[in-house]
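Q: here is a sequence with its predicted model. Questions after.
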Amino acid sequence: MTDPNPIDDTGDDYSRFEARLVARDQDATRVVTADIGETTARQLVTELIDNGVVTPVPGKRVF
């Protein structure tokens, strides 16, 4: 067998492409948070409790 033609070698291209895909996937899975005020936070928690998304633990009130 002969050595592969360096012009046709796409191994480095593939590695760079795969690295970009991994980086993009990591960006997509990161959680983005925003600073919200105390009033808004309380309203959100109250809505979650009222809608049954979360269940409050008796005696464990945080705010």
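A: The structure has been received and is ready for your questions.
Q: every contact and neighbour count from this point should use C-alpha atoms.
A: Noted.
Q: C-alpha coordinates for the lowest-mean-pLDDT helix or strand in the chain, CSV please?
A: Using mean pLDDT, DSSP states H and E, the weakest-scoring helix or strand in the chain turns out to be helix 11-29, at a mean of 75. Extracted in CSV, the C-alpha atoms of helix 11-29 (Å, rounded to 0.1, in the frame of the first residue of the first chain):
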residue,chain,number,x,y,z
GLY,A,11,-8.5,13.4,9.4
ASP,A,12,-7.7,16.8,10.9
ASP,A,13,-10.8,18.4,9.3
TYR,A,14,-12.9,15.7,11.0
SER,A,15,-11.3,16.2,14.3
ARG,A,16,-11.9,20.0,14.2
PHE,A,17,-15.5,19.5,13.1
GLU,A,18,-16.1,17.0,15.9
ALA,A,19,-14.6,19.3,18.5
ARG,A,20,-16.9,22.1,17.3
LEU,A,21,-19.9,19.9,17.6
VAL,A,22,-19.0,18.9,21.1
ALA,A,23,-18.5,22.5,22.1
ARG,A,24,-21.8,23.4,20.6
ASP,A,25,-23.5,20.6,22.5
GLN,A,26,-21.9,21.8,25.8
ASP,A,27,-23.2,25.3,25.1
ALA,A,28,-26.7,24.0,24.5
THR,A,29,-26.8,22.0,27.8
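Q: against Asp12, how distant is Arg20?
A: For Arg20, the distance to Asp12 (CA to CA, to the nearest Å) stands at 12 Å.
Q: and the two? Which one has more around it.
A: It is Arg20, of Arg20 and Asp12, that has more neighbours when counted by other CA atoms under 10 Å, with 12 against 9.
Q: burial measure for Gly56, as a count.
A: Check again: residue 56 is Pro, not Gly. 13.
Q: Ser15 too?
A: Neighbour number of Ser15 under other CA under 10 Å is 11.
Q: same check, this time on Leu48
A: The burial count for Leu48: 14, using other CA under 10 Å.
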